[in-house]
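Engineer: requesting a structural model of the entry that follows:
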Amino acid sequence: MADLEKRALSEQELQELVAASDSGARSPTGMVGLAIAATALIWSVFQVLLASPIAPYVLPGDLINNSRQIHLAFAIFLSAMAYPLFKSSPRDWVPWYDWVLGIGGAFLALYGYFFYEKIVSNGGLADATDAYFALAGLIFLFIAAYRTLGPVMVALAIVFMAYVFFGASELVPDQIRWAGASLRKAMSHMWITSEGVFGIALGVSTRFVFLFVLFGALLDKAGAGNYFIKMAFGALGHLRGGPAKAAVVGSAATGLISGSSIANVVTTGTFTIPLMKRVGFSAEKAGAVEVASSVNGQIMPPVMGAAAFLMVEYVGISYVEVITHAFLPAIISYIALVYIVHLEAVKTRMPTIGNRTVNLLNTVLGMFGFFAGFAILCYATQYPVGWITGLFPEGSGWILSALLAVVYVGLVYLAAQAPDLEPDDPNADVVELPDISKIYKSGLYYLLPIIVLVYFLMIERKSPGLSAFWASFLLFGILLTQKTLKAIFRGEQNPMGRLRDGLIDLIAGMIDGARNMIGIGLATATAGIIVGTVSLTGIGQVMAAFVEFLSGGNLILMLIFVAILSLILGMGLPTTANYIVVSSLMVSVVVELGAQSGLIVPLIAVHLFVFYFGIMADVTPPVGLASFAAAAVSGGDAIRTGFIAFFYSLRTVALPFVFIFNTDLLLIDVTLTQGIIVFIVSTIGILVFTAGTMGWFLTRSRIWETAALLLIAFALFRPGFFMNQIQPPFNDIAPAAFSEAVGDAAPGSNLRVIVSGPDLDTLEMKDVTVQVNVPDAEGATARLDELGFILMPDGDVMRLDEPMFGTDLGDTLSSFDFYADDAVQISAVQTAADQLPKELVFIPALLLLALIAFLQHRRAEPILEGELA
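Structural biologist: The predicted structure follows:
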């Protein structure tokens, strides 16, 4: 890494850097190279067929049922072929030991497939032979993970496996000691059943993630990445600090294509970083802007670096709900980054590029109009589709396909009227800004697969895998035909000869997609060991007690602890693995301790909190890989680049704390009107927070102005905090009247119930806040039965018996000891009070902002002319 800090790398070296991280640094030639490419291609074909509607007709049932084993077998074999085991290992041929590790690992991954009948006859448990094969499988998996992901993931998995076997040892502290497991029991759990390696995470990688990674690889191979970058540069390049603003918007667009922050840095950074340096950014600041914007690509729906699909399984909500909750924080985070870049440019009076007339308002309105128009187009697609489906219920699929083909051919005809977009040279003597009015039509057809993806996800509500299949299927047609159709429309000779070029692009895109999946497949499999350990040993409850001890029960301190843990683990883990590990260990802890602190934290909010800090590990030194990649492009110092990028990413650090305490930001239980207000106010809030942390609003801020800006941002993000100081948010009801309150409450309304009692493990008294959603049942008794409450009134005390098994209440109160000497009881019941709208807090906050703007405008007037462009 030291060399990366001294000089900018060449294009070839940069591609090797990306390959070493994302797809493997080894590229053998000859028959071995063809065999590796063929294996990757077969993997892609298998995954496409698996996601397709015809899967039950073309794939045997045992292949479908054991798809996770097949998925892992491909990942282990290709990791041995593509990733050198040692630094001294050859890069252009595969040594004998890698063949052994690749083929042996693939066989062991398929062990459950080959010996399925035997395992079923044993009741799904491993016998002695199975246990030894499973242990060998874990060793081969660890070797594959080591070569692909690095040593941290493997070391973490080994620590957890050691805890499984030796948890009863006297060397283990009493607080986390458990009975331990035999080899047969542990291997059954980790390798034979679907609780460990072949658990939910690997299942998500198999069913969903592969198709989205393949979709991104195909879209990039079609040329969409270059199109998005040129459009961003054409729209924003003429502004002050324009290349940096283009880098932010371009990285947001490429976030649709790639879930890899390193690939995003190199893809957009090779063009934008040299241009940023030309207009006055230092090498480190240019790299930091690219890092901050590229890493944020992983929080941008719909791909989100594979985490969105895992959240579907872990949280138990639909994919549409996940990306709906994640959308607003991602958007305002990017808006804030554009503003950071703008303030940097204004502070240093950077020059503009090109001779185009600067009109900031028109640029902003144009960008907003494009994104709003695209969103409206995606939403409006349902109406003609519904009309055609209603008229032709039997053949509507063929008719819609034909119409889509007509639209595609028409858009390719438009594209053919302009020359193909070639990557620009950022080091040219004269940099010409792309003219959007001339280039926009050259890639409009790239939007069709995205529209198809959004339509099936958001309108049809199909599964993520099936939606990605249809979008990828359209991309197959685009890659095969785009060059041929352009040649026909341009009147070239022998246009059918271009069909071969399209086929080569398609095959290359499918191979790239498979190679990009190696690390994700192995990360989800290896992280399954940690998940399996949690479910086998029950260490999650111990972690809750440990974190509560460290934080003293303080929710803020606990969240900071979780954030630091995510950052530390992320130094050696890819984002997906980091998210799986930390969410498995800490999410339930945050929810439980939040309930003890009186805060009802939605599960999705905690999962997004963990995920946000997981991606920050790609930024933070000393192991921020994205920062090293940016330094390799810029020639700057990697450590300084990382620290500056972390400073630029402060809004990404602040947002998770905000939406834990204000779930409006995640659009939870808000109406459309409220959602629009939340978007506007949150955007203002993040811009004010950015201005406060940058020390510059309209001019350099004084200390009191910086403090006031941060206070305003807090008020805009958490108006409920101030309103609660003015008026109490809840009315108290006597615990003895709980049954009557449930009977009188309107169906769908909420009651907050504070339950007190002895902890199951420590017998110490504790409180847990439970939010009760009143069901639509007749009478208090029926409602209490449906909720799971078993009340035992004792004078003014309302004691509780152990809730009915299988109810949500039973899970929530499972940490109480209902058979201890001290009773578990309801200590408080609260209903929502008639409180003034918390939005009233916005008025004084915005008035204070206006005062600061007025004062700074007066100071800035002599030098402000032209600086805001």
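Engineer: averaged pLDDT, stretch 128-140. What do you get?
Structural biologist: Per-residue pLDDT values over stretch 128-140 give a mean of 92.
Engineer: flag every buried residue along it.
Structural biologist: Judged by neighbour count using 16 or more other CB atoms under 10 Å, the buried positions of stretch 128-140 are 130-131, 133-138, 140. The C-beta positions use only the backbone N, C-alpha and C, and glycine is treated the same way.
Engineer: what sits up against the helix or strand where L847 lies?
Structural biologist: L847 belongs to helix 842-864 when assigned by DSSP states H and E. Contacts with helix 842-864, where a contact means CB atoms under 8 Å, 6 or more residues apart in numbering, come from 681, 684, 688, 697-699, 701, 705, 708-709, 711-712, 715-716, 719.
Engineer: so which of the buried residues of stretch 128-140 sit within helices?
Structural biologist: Judged by DSSP state H, the subset of the buried residues of stretch 128-140 located in helices is 130-131, 133-138, 140.
Engineer: biggest separation within the contacts of helix 842-864, which pair?
Structural biologist: Greatest spatial distance in the contacts of helix 842-864: T699 and P719, 28.0 Å, computed using CB to CB.
Engineer: on that earlier part again, any chance of the buried residues of stretch 128-140 in a markdown table, plus distance to I335?
Structural biologist: Output for these, formatted as a markdown table (distance: CB to CB, whole Å):
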| residue | distance to I335 |
| --- | --- |
| D130 | 54 |
| A131 | 54 |
| F133 | 53 |
| A134 | 50 |
| L135 | 51 |
| A136 | 51 |
| G137 | 47 |
| L138 | 46 |
| F140 | 46 |
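Engineer: follow-up on the earlier one: dump the helix holding L847 to PDB, keeping only the CA atoms.
Structural biologist: As requested, the backbone C-alpha atoms of helix 842-864 are provided in PDB (Å, rounded to 0.1, in the frame of the first residue of the first chain):
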ATOM      1  CA  PHE A 842     -39.700  24.200  12.600                       C
ATOM      2  CA  ILE A 843     -40.900  27.800  12.800                       C
ATOM      3  CA  PRO A 844     -38.400  29.200  15.400                       C
ATOM      4  CA  ALA A 845     -35.700  27.000  13.900                       C
ATOM      5  CA  LEU A 846     -36.200  28.400  10.400                       C
ATOM      6  CA  LEU A 847     -36.500  32.000  11.800                       C
ATOM      7  CA  LEU A 848     -33.100  31.500  13.600                       C
ATOM      8  CA  LEU A 849     -31.700  30.200  10.300                       C
ATOM      9  CA  ALA A 850     -33.000  33.200   8.500                       C
ATOM     10  CA  LEU A 851     -31.300  35.500  11.100                       C
ATOM     11  CA  ILE A 852     -28.000  33.800  10.600                       C
ATOM     12  CA  ALA A 853     -28.400  34.000   6.800                       C
ATOM     13  CA  PHE A 854     -29.100  37.700   7.100                       C
ATOM     14  CA  LEU A 855     -26.100  38.400   9.300                       C
ATOM     15  CA  GLN A 856     -23.800  36.300   7.100                       C
ATOM     16  CA  HIS A 857     -25.100  37.900   3.900                       C
ATOM     17  CA  ARG A 858     -24.200  41.400   5.200                       C
ATOM     18  CA  ARG A 859     -20.700  40.200   6.000                       C
ATOM     19  CA  ALA A 860     -20.300  38.300   2.700                       C
ATOM     20  CA  GLU A 861     -21.800  41.000   0.400                       C
ATOM     21  CA  PRO A 862     -18.400  42.500  -0.700                       C
ATOM     22  CA  ILE A 863     -17.000  39.200  -1.800                       C
ATOM     23  CA  LEU A 864     -20.200  37.200  -2.600                       C
END
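Engineer: please spell out the segments of the stretch 301-450 of the chain that come in under the pLDDT threshold.
Structural biologist: Applying pLDDT under 70 to the stretch 301-450 of the chain flags the ranges 302-306, 354-364, 424-431.
Engineer: what does G636 show for phi and psi?
Structural biologist: Backbone torsions for G636, taken as degrees, to the nearest 10, come to phi -90, psi -180.
Engineer: ok, it touching V291?
Structural biologist: No - the pair G636 / V291 is not scored as a contact, 10.9 Å apart, by CB atoms under 8 Å.
Engineer: break down the stretch 601-750 of the chain into its helices, ranges please.
Structural biologist: 603-616, 625-634, 638-648, 650-661, 672-694, 703-717, 719-726, 738-744 (DSSP state H, counting those that start in this stretch).
Engineer: so for the last one, what gets flagged as buried?
Structural biologist: If I follow you right, that is helix 738-744. 738-739, 741-743.
Engineer: out of those residues, who's nearest M458?
Structural biologist: For the buried residues of helix 738-744, the nearest to M458 is V742 (36.8 Å; CB to CB).
Engineer: check contacts around the closest one.
Structural biologist: Per CB under 8 Å, 6+ apart, neighbours of V742: 751, 772, 774, 780, 783-784, 787.
Engineer: now with 7 Å, please.
Structural biologist: Shown in contact with V742 (CB atoms under 7 Å, 6 or more residues apart in numbering): 751, 774, 780, 783-784.
Engineer: and the chain, what are its domains?
Structural biologist: Using automatic domain parsing, the domain ranges for the chain come out as 205-520, 670-728+835-869, 730-832.
Engineer: which of those domains has the highest mean neighbour count?
Structural biologist: The highest mean neighbour count among these, using mean count of other CB atoms under 10 Å, belongs to domain 205-520: a mean of 20.
Engineer: how long is that one from one end to the other?
Structural biologist: Domain 205-520 has an end-to-end distance of 7 Å (criterion: CA to CA, to the nearest Å).
Engineer: tell me where the stretch 1-150 of the chain has helices.
Structural biologist: Under DSSP H, counting those that start in this stretch, the stretch 1-150 of the chain gives helices at 11-22, 30-51, 55-58, 61-65, 67-82, 96-109, 111-114, 116-121, 128-149.
Engineer: point out where the stretch 601-750 of the chain drops to low pLDDT.
Structural biologist: Low-confidence segments of the stretch 601-750 of the chain, defined by pLDDT under 70, span residues 621-625.
Engineer: how about the strands in the stretch 301-450 of the chain?
Structural biologist: Under the criterion DSSP state E, counting those that start in this stretch, the stretch 301-450 of the chain carries no strands.
Engineer: can you pull out the helices in it?
Structural biologist: 307-315, 319-347, 360-380, 382-391, 396-416, 436-439, 447-454.
Engineer: which elements pack onto the second one?
Structural biologist: For helix 319-347, the contact count by 3 or more CB pairs under 7 Å, 6 or more residues apart in numbering; DSSP states H and E identifies helix 242-254, helix 283-295, helix 307-315, helix 603-616, helix 650-661, helix 672-694 as packing neighbours.
Engineer: so how far is T575 from the closest residue to V291 other than its chain neighbours?
Structural biologist: Closest residue to V291 apart from its sequence neighbours, by CB to CB, 6 or more residues apart in numbering: A645 at 4.0 Å. Counting by CB to CB, to the nearest Å, the gap from A645 to T575 is 15 Å.
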